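> how would this look folded up:
(one chain, ligands or ions: 1)
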Amino acid sequence: MGTPVNIIVGSHVWVEDAEVAWIDGEVKEINGREATLITSEGKTIVVDIAFIYPKDTEAPPAGVDDMTKLAYLHEPGVLHNLACRFALNEIYTYTGNILIAVNPFRRLPHLYDIHMMEQYKGAAFGELSPHLFAVADTCYRAMIHEQGRQSILVSGESGAGKTETTKMLMRYLAFMGGRSSTEGRTVEQQVLEVSWNY
Ligand SMILES: Nc1ncnc2c1ncn2[C@@H]1O[C@H](COP(=O)(O)OP(=O)(O)OP(=O)(O)O)[C@@H](O)[C@H]1O
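Numbering: from 1, shown residues only. Predicted structure coming up:
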């Protein structure tokens, strides 16, 4: 349910839509629990005020790289931010230290090449654009400095990109540890021998 306390005539809001998930509009009239909106597509709709959510009209058009910077951390705000970034080929976004990846369903090789790995090597988390190499690098450094086991949880629905993400994480770890060897096997060989279950 939305937050009706913030909604007045003139408010810019989000309302659920059967076709495009969320549609934005402006409140033109409020009668009791009913709000009349003009959507950005020019349609007039009447909805229960409890089901509309405030829209941040000052949010940057390119989105924010960390969702904790959003004025409203509700579903339409989060999805709109991801959509703005995705339109600019930015498939990764942070929410604090969690990385959200939107499956591009097309190859973006420049995102995963050796130059990219070099950039993220040793960089403080959050210093560079959101990327899975930043997560892998943080984990790798924690493992080396704290001498402890580390875990990365990769979660998502079927087809979301977990396998691809895991492959890229492994590739980065292999890149970082590839030169040192244990019992005659390089770190790269050991990483590539790992099997995983979901
Ligand atoms: N980062 C990416 N860049 C390009 N394509 C991607 C990326 N991530 C996923 N894909 C595409 O999406 C497809 C499905 O991704 P993937 O197999 O990783 O999903 P999954 O979450 O492991 O699915 P399942 O749970 O069904 O095994 C891949 O075959 C690939 O075509």
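> going forward, measure contacts and count neighbours with C-alpha atoms only.
Noted.
> helix, strand, or coil at Pro118?
Just so we're on the same page, residue 118 is Glu rather than Pro. helix (DSSP: H, G, I helix; E, B strand; the rest coil).
> any idea how far it lies from Ala59?
Counting by CA to CA, to the nearest Å, the separation of Glu118 from Ala59 is 32 Å.
> so for the most centrally placed residue in the chain, what's the pLDDT?
Of all residues in the chain, the one closest to the mean position by CA atoms, centre = their mean is Ile100, 2.8 Å from it. We have a pLDDT of 98 for Ile100.
> would you say it is within a strand?
Yes: counting by three-state DSSP, one finds Ile100 located in a strand.
> so it versus Tyr94, what's the distance?
6 Å.
> same check, this time on Asp48
Relative to Tyr94, and taking CA to CA, Asp48 is found at 32 Å.
> then Asp113?
Separation of Asp113 from Tyr94 (CA to CA) stands at 21 Å.
> so those two - more neighbours on which side?
More crowded of Asp113 and Tyr94, by other CA atoms under 10 Å: Tyr94, with 19 against 11.
> wait, that one sits on Asp66?
Yes: using CA atoms under 8 Å, Tyr94 is in contact with Asp66, at 4.5 Å.
> and stretch 115-122, how far from the chain's centre?
20 Å (CA atoms, centre = their mean, to the nearest Å).
> Gly42: neighbour count?
The burial count for Gly42: 9, using other CA under 10 Å.
> A helix includes it, no?
No: Gly42: not assigned to a helix; according to three-state DSSP it is coil.
> okay, and the helix or strand of this structure with the least pLDDT?
strand 181-182 (a mean of 56; mean pLDDT, DSSP states H and E).
> close to the ligand: what parts of this structure are there?
Contact residues (CA under 6 Å from any ligand atom) of the chain with the ligand: 103-108, 158-164.
> now do stretch 23-37: distance from first to last residue.
One end of stretch 23-37 sits 11 Å from the other (CA to CA).
> do the same with stretch 57-74
Termini of stretch 57-74 sit 14 Å apart (CA to CA).
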